[in-house]
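Trainee: model the structure of this input:
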Amino acid sequence: MTIRPTTPGTTGRADAARAVPLPVRDDANRRPAERRATGSTTDEVRISDQARDLQLQAAPDSIPHDEVAPERLRSITQRIEQGHYELPEVIDEVLRRMARDL
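Mentor: Model prediction:
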């Protein structure tokens, strides 16, 4: 193999005999098999039980919104409507808790 340096203003000629065509890849070939089989074009996220357990270990006080008791949600909604969470002492407590968690 001979390598010759290029000079300014010139480029080497491609040898057609050495040109190798690249394979053509369409989107269908890049999708997972299950998406090709169903024809679905929407994305889907699946969270494993192990990931859920890790989340609970990392933040044991956090409860998914769909597991909060309806009466607790009503109480929180009522407090929001009454402006409870806008009181200076409540804002200070929230900031203290956030700083502790950082």
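Trainee: CA only for contacts and neighbour counts going forward, please
Mentor: OK.
Trainee: which of the helices or strands spans residue 76?
Mentor: helix 70-82 (DSSP states H and E).
Trainee: quick one: the helices in the chain?
Mentor: Assigned by DSSP state H, the helices in the chain fall at 27-30, 33-38, 49-58, 70-82, 88-101.
Trainee: of those helices, which is nearest residue 7?
Mentor: For residue 7, the closest of the helices of the chain is helix 27-30, at 40.2 Å, according to C-alpha to C-alpha.
Trainee: pLDDT on the closest one, on average?
Mentor: If you average the pLDDT over helix 27-30, you get 52.
Trainee: which parts of stretch 85-102 are buried?
Mentor: Across stretch 85-102, burial judged by 16 or more other C-alpha atoms under 10 Å covers no residue at all.
Trainee: contact partners of it?
Mentor: Here stretch 85-102 makes contact (C-alpha atoms under 8 Å, 6 or more residues apart in numbering) with 79, 84.
Trainee: which secondary structure elements does the helix holding residue 76 contact?
Mentor: Here helix 70-82 touches no other helix or strand, going by 3 or more C-alpha pairs under 8 Å, 6 or more residues apart in numbering; DSSP states H and E.
Trainee: output it as CSV, nothing but the C-alphas.
Mentor: Taking Å, rounded to 0.1, in the frame of the first residue of the first chain, the C-alpha atoms of helix 70-82 are listed here in CSV:
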residue,chain,number,x,y,z
PRO,A,70,-58.2,9.6,48.8
GLU,A,71,-58.8,11.4,52.2
ARG,A,72,-55.1,12.4,52.3
LEU,A,73,-55.4,13.8,48.8
ARG,A,74,-58.5,15.8,49.8
SER,A,75,-56.7,17.2,52.8
ILE,A,76,-53.8,18.3,50.8
THR,A,77,-56.0,19.8,48.1
GLN,A,78,-57.9,21.7,50.8
ARG,A,79,-54.6,23.1,52.3
ILE,A,80,-53.5,24.2,48.8
GLU,A,81,-56.8,26.0,48.2
GLN,A,82,-56.6,27.7,51.6
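Trainee: residues touching that helix, excluding its own?
Mentor: residue 85.
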